[in-house]
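K.L.:
give the three-dimensional model of this entry:
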Amino acid sequence: MNALKRTRTTTFRLATAVAFATAAASTQAAPPQFNDVRAFGMGGTGVAAARPSGAALFNPSLLAADHSGWNDGFAVTLPSVNARYAENKDVVDEVDRIQDTIEDLEATLNSLNTNTATQSDIDAAQNQAGELASQLRGIDNEFVRGDAGLGTLFALPSPTLGVSLHANAQLRATVESRIDPKDLEALDEVANLNSPQGATDIENALDSLYDSGEITPKSDGRVLASAVGEIGLTLARSFEIQSQSVNFGVTPKLVQMRTFDYAQGVDEFDEDDFDASDYETDDSHINVDIGASAQLGASDQWRVGASVRNLVPQTLKTVEDNGRPGQYEQEEMKLEPLVTVGVAHTSGWHTLTADLDLTKNEGIGPAADQQWLAVGGEFNVYDWINLRAGARQNLASDTGADGIEEETQYTAGFALSPWAMRIEAGALFGGEEVGGAVELGMSF
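P.N.:
Numbers count the residues shown, from 1 in each chain. Predicted coordinates:
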């Protein structure tokens, strides 16, 4: 009968650990670039259309461009926050169903410990073990991803010398659950036993889950995270080149890259029972962004821009031993130059813009590579009310078919700007992803 007790404990801990791996956060790719809320609502565009307070995030030269009106004054953002969530299946709902099955199986196995156990109780245990195995298969190698960002910016635009100071951090988090075939084989064997007589037959079927009486399932979960934080000072100036005003900008910045990689067997995994520093790597370095832009058209209604962010390529590896040596490959987080061009058309009541990445941001493991074509618009519907919308398409050939795809995404947002204050919000949604952003700022 002790074996049956171990059976209930094993089953419960197996599914509980999978549930934890599904609800916890891990990341398998470098986080995306931090966006202010205006760009968030306009498809992530900004290389030709970012306002001064967001110029350092997209194209530092825009600090010296003519934005007209209050956009040309001192601006402060305190703070800007964004978050996104994606899953490639209804994993969370499936975990709830797994927990229901565990409760049913526990009740049945408890009845087998009594002298009044019947054949119907054994049949029920077999059916529930089979159902649990099927549910665990349904979330094997499934992923849940989360992104979060926080930033603050100060900007004083000027064609003579525009100056901006910014600080931001962006985190990407993806969960991977991995079920070992031997655990499934044991549950399947229980489900397929031919006329089991009771506890002894079930214990023998579950033998692979035990070692000297201890629970030793092979299934595991992985927590793998990456984050990038930066503090930068932007300088920009406008020059006359053959009667054409051209803006140039540069942002030297201190960048910190950080990874976290932790994996453990489900019988040993405890989020409170490890030293996080043992599974972290980090690196700090000096990097630089550069950009250029120009106003075109009879009324300067057109603006074109180009930027190179993270001009100095950097690579950071995860820890060599993440707790499951030999089970997972050591990953690399890459921060490589991102070249983007953009065009925008503006008037007193609208901005229409488009950006195109000319280089690809490489994903890690099953995460998607990224190379975006984005379009967006902003419309002034009242003196201090603006509406925004956008869309973007990932042009990268590898869209992470083994993980969570990042392909077409749609965005929307609004801004309320009474007096000198800015209150802004944005939303993002795609086939497998939803997100939101809020921002509070002032312009003088």
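K.L.:
show me where pLDDT drops low in the stretch 201-350 of the chain?
P.N.:
Low-confidence segments of the stretch 201-350 of the chain (pLDDT under 70): 202-203, 206, 209-216, 266-275.
K.L.:
ranges for the helices of it?
P.N.:
For the stretch 201-350 of the chain, applying DSSP state H, counting those that start in this stretch gives no helices.
K.L.:
in the stretch 151-300 of the chain, which spans are strands?
P.N.:
With DSSP state E, counting those that start in this stretch as the criterion, the stretch 151-300 of the chain has strands at 162-178, 210-211, 214-215, 220-241, 244-265, 280-296.
K.L.:
do the stretch 1-150 of the chain as well
P.N.:
With DSSP E, counting those that start in this stretch, the ranges of strands along the stretch 1-150 of the chain come out as 75-87, 142-156.
K.L.:
elements contacting the longest one?
P.N.:
When you say that, I think you mean strand 142-156. When contacts are defined as 3 or more C-beta pairs under 8 Å, 6 or more residues apart in numbering; DSSP states H and E, strand 142-156 packs onto helix 2-23, helix 55-58, strand 75-87, helix 91-112, strand 162-178. (Glycine included, C-beta is placed from N, CA and C.)
K.L.:
can you pull the buried residues of it?
P.N.:
Within strand 142-156, the residues scored as buried using 16 or more other C-beta atoms under 10 Å are 142-151, 153-156.
K.L.:
pLDDT at Val47, what is it?
P.N.:
pLDDT, Val47: 97.
K.L.:
what about it, how many residues close to it?
P.N.:
Per other C-beta atoms under 10 Å, the neighbour tally for Val47 reads 31.
K.L.:
now swap in Trp302 and tell me
P.N.:
15.
K.L.:
so it versus Pro79, what's the distance?
P.N.:
33 Å (C-beta to C-beta, to the nearest Å).
K.L.:
same check, this time on Glu320
P.N.:
36 Å.
K.L.:
more crowded one of these two?
P.N.:
Neighbours around Glu320 and Pro79, counted as other C-beta under 10 Å, are more numerous at Pro79. The numbers are 15 against 9.
K.L.:
just confirm the more buried one contacts Thr152, I think it does.
P.N.:
Yes: assessed by C-beta atoms under 8 Å, Pro79 is found in contact with Thr152 at 5.1 Å.
K.L.:
in the stretch 51-200 of the chain, what spans have low per-residue confidence?
P.N.:
Residues of the stretch 51-200 of the chain that meet the criterion pLDDT under 70 lie in 68-72, 88-92, 113-117, 198-200.
K.L.:
give me that answer again for 50
P.N.:
70 (pLDDT under 50).
K.L.:
what pairs with Gly441 across the strands?
P.N.:
Thr77, Arg422 (DSSP bridges).
K.L.:
correction: the previous question concerned Gly342.
P.N.:
Residues in beta-bridge contact with Gly342 (DSSP bridges): Gly305, Asp355.
K.L.:
in CSV, list the C-alpha atoms belonging to stretch 305-314.
P.N.:
C-alpha atoms of stretch 305-314 as CSV (Å, rounded to 0.1, in the frame of the first residue of the first chain):
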residue,chain,number,x,y,z
GLY,A,305,15.7,58.4,-41.5
ALA,A,306,18.2,55.6,-40.9
SER,A,307,19.7,54.3,-37.7
VAL,A,308,22.2,51.7,-36.5
ARG,A,309,21.6,50.5,-32.9
ASN,A,310,24.2,48.5,-31.0
LEU,A,311,27.0,49.3,-33.4
VAL,A,312,29.4,47.0,-31.4
PRO,A,313,28.3,43.3,-31.5
GLN,A,314,28.3,41.5,-28.2
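K.L.:
which other residues reach that stretch?
P.N.:
By C-beta atoms under 8 Å, 6 or more residues apart in numbering, the surrounding residues in contact with stretch 305-314 are 33, 47-48, 58-62, 255, 257, 283, 285-294, 334-344.
K.L.:
ditto for stretch 238-253
P.N.:
For stretch 238-253, contacts defined as C-beta under 8 Å, 6+ apart pick out 55-56, 59-65, 159-160, 162, 164, 230-237, 286-295.
K.L.:
redo that, cut-off 6 Å
P.N.:
56, 60-61, 63-65, 159, 230, 232, 234-236, 287-294 (C-beta atoms under 6 Å, 6 or more residues apart in numbering).
K.L.:
show me what counts as buried in it.
P.N.:
Ser238, Ser245, Val246, Asn247, Phe248, Gly249, Val250, Thr251, Lys253.
K.L.:
dump these into a markdown table; add distance to Leu311 as well.
P.N.:
Below are those laid out as a markdown table (distance: C-beta to C-beta, whole Å):
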| residue | distance to Leu311 |
| --- | --- |
| Ser238 | 22 |
| Ser245 | 24 |
| Val246 | 19 |
| Asn247 | 18 |
| Phe248 | 14 |
| Gly249 | 13 |
| Val250 | 10 |
| Thr251 | 10 |
| Lys253 | 10 |
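K.L.:
what about Thr340, neighbour count?
P.N.:
Counted with other C-beta under 10 Å, Thr340 comes out at 25.
K.L.:
that one is in contact with Asp357, isn't it?
P.N.:
Yes: between Thr340 and Asp357 there is a contact under C-beta atoms under 6 Å: 5.2 Å.
K.L.:
still on that earlier bit, any quick ChimeraX command for the buried ones out of the contacts of stretch 305-314?
P.N.:
Buried members of the contacts of stretch 305-314, identified by 16+ other C-beta under 10 Å, are gathered into one ChimeraX selection as follows:
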select :33,47,48,58,59,60,61,62,255,257,287,288,289,290,291,292,293,294,334,335,336,337,338,340,341,342,343,344
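K.L.:
can I get the strands of the stretch 1-150 of the chain in JSON lines with distance to Asn127?
P.N.:
Compiled in JSON lines, the strands of the stretch 1-150 of the chain are given as follows (distance: least, C-beta to C-beta, whole Å):
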{"stretch": "strand 75-87", "distance to Asn127": "28"}
{"stretch": "strand 142-156", "distance to Asn127": "24"}
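K.L.:
list the contacts of stretch 381-395.
P.N.:
41-44, 370-380, 406-415, 417-418.
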